[in-house]
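> next input, structure requested:
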Amino acid sequence: MTATKTATKTATKTAASPKAKPASKDAIALLKADHVAVSKMFAEYEKARSVTSKKKLVGEICTALTLHAQIEEEIFYPAVKAKLKDKLLVPEATVEHASLKELIAQIEGVEPDGEMFDAKVKVLSEYVKHHVKEEQNEMFPKAKASTLDMVELGSRMTARKEDLLAQVT
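Numbers count the residues shown, from 1 in each chain. Here you go, the predicted model:
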């Protein structure tokens, strides 16, 4: 089994365990649970000292962020943009995702080789914290106050995430 598949299986357990996402969870609760899981992974990375631990954690982080971004971009963002007639929040979040994807591409599957690798992971962590703060403080309250069916959106997002996880494992 490759290191990426091992990391993906671990990320699957971390980000997609039955306890973490019951079927009735609404979209915002699902996304917030992902935010918490990734934050914990970044905290573990900061404590990690061995190359093996760092590589495993980076694999988990990259998988979790990639899946999270994909379900947001395919399902959550279009629904929010349409319902709120948004011309700023969703486009900005989409641009932030592009920056995150660039950093993920620079570290995913790469051997942790010192300070530049650690710096890229740190910057990725900081970008994610910024992105999460904006979503949770600006986008989520507006989406929640709208007439969007968050449970239905959450069900669609959960199903899509499970499909994506099946493709990477």
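
> other residues contacting the helix or strand hosting Glu92?
Using DSSP states H and E, Glu92 maps to helix 89-107. Applying C-beta atoms under 8 Å, 6 or more residues apart in numbering, the contact partners of helix 89-107 are 58, 62, 65-66, 69, 72-73, 77, 80-81, 117, 120-121, 123-124, 127-128, 130-131, 134-135, 138-139, 142. The way it works is simple: take the backbone N, C-alpha and C, and place the C-beta from them, glycine included.

> and with 6 Å instead?
Val58, Cys62, Ala69, Tyr77, Val80, Lys81, Lys120, Leu124, Tyr127, His131, Met139 (C-beta atoms under 6 Å, 6 or more residues apart in numbering).

> buried residues of it, list them for me.
Applying a neighbour-count criterion of 16 or more other C-beta atoms under 10 Å, one finds Leu89, Val90, Ala93, Glu96, His97, Leu100, Leu103, Ile104, Ile107 buried in helix 89-107.

> dump the residues you listed into a markdown table; add distance to Glu44 and pLDDT as well.
Output for the buried residues of helix 89-107, formatted as a markdown table (distance: C-beta to C-beta, whole Å; pLDDT from 0 to 100):
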| residue | distance to Glu44 | pLDDT |
| --- | --- | --- |
| Leu89 | 30 | 93 |
| Val90 | 31 | 95 |
| Ala93 | 26 | 96 |
| Glu96 | 23 | 95 |
| His97 | 23 | 96 |
| Leu100 | 19 | 95 |
| Leu103 | 18 | 95 |
| Ile104 | 17 | 96 |
| Ile107 | 15 | 94 |
